[in-house]
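Visitor: sequence-free structure coming up:
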């Protein structure tokens, strides 16, 4: 079973994402911010990271950069799921190493479709 690290400081958003992904047959590890996510990524086998951008302690772009520094996470897909939709933010995401960018509110079918395309 593929494992996805879902990172969002909003408990309700984590639950919606988790419900959607679990229903599609994925194992979900939840994290409350980038710092929590980085720790959990070290202790779990993760096939994909789905992260919000705006969070306390460590934002999504910082998390992406930090994961990309680690050899284990060089090729793992990292998707941003955020309310941020500006081209400037998307470019910053690409520069940080994000694989893709999805804007909230998300369409569950579209989320599953995008994950299925990028997960290894």
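Guide: Noted; the coordinates are in hand. Remember, it's a predicted structure, so these values are computed and weren't measured experimentally.

Visitor: can you give me how far the longest helix seen in the chain is from the chain middle?
Guide: Criterion DSSP state H: the longest helix present in the chain is helix 11-23. For helix 11-23, the separation from the chain centroid amounts to 12 Å (computed by C-alpha atoms, centre = their mean, to the nearest Å).

Visitor: quick one: buried residues of that helix?
Guide: The neighbour-count criterion (16 or more other C-beta atoms under 10 Å) identifies 13-14, 16-18, 20-21 as the buried residues of helix 11-23. Where you see a C-beta, it was placed from the backbone N, CA and C, and this is true even at glycine.

Visitor: quickly find the element holding residue 93.
Guide: Element membership for residue 93, per DSSP states H and E: helix 87-96.

Visitor: list the contacts of that helix.
Guide: Counting contacts by C-beta atoms under 8 Å, 6 or more residues apart in numbering, the residues outside helix 87-96 that touch it are 53, 60-61, 64-65, 68, 80, 82, 101.

Visitor: which is the next helix or strand following the longest helix of the chain?
Guide: Next helix or strand after helix 11-23 toward the C-terminus (DSSP H and E): strand 27-31.

Visitor: elements contacting that next one?
Guide: In terms of contacts (3 or more C-beta pairs under 8 Å, 6 or more residues apart in numbering; DSSP states H and E), strand 27-31 is packed against strand 3-7, helix 11-23, helix 34-43.
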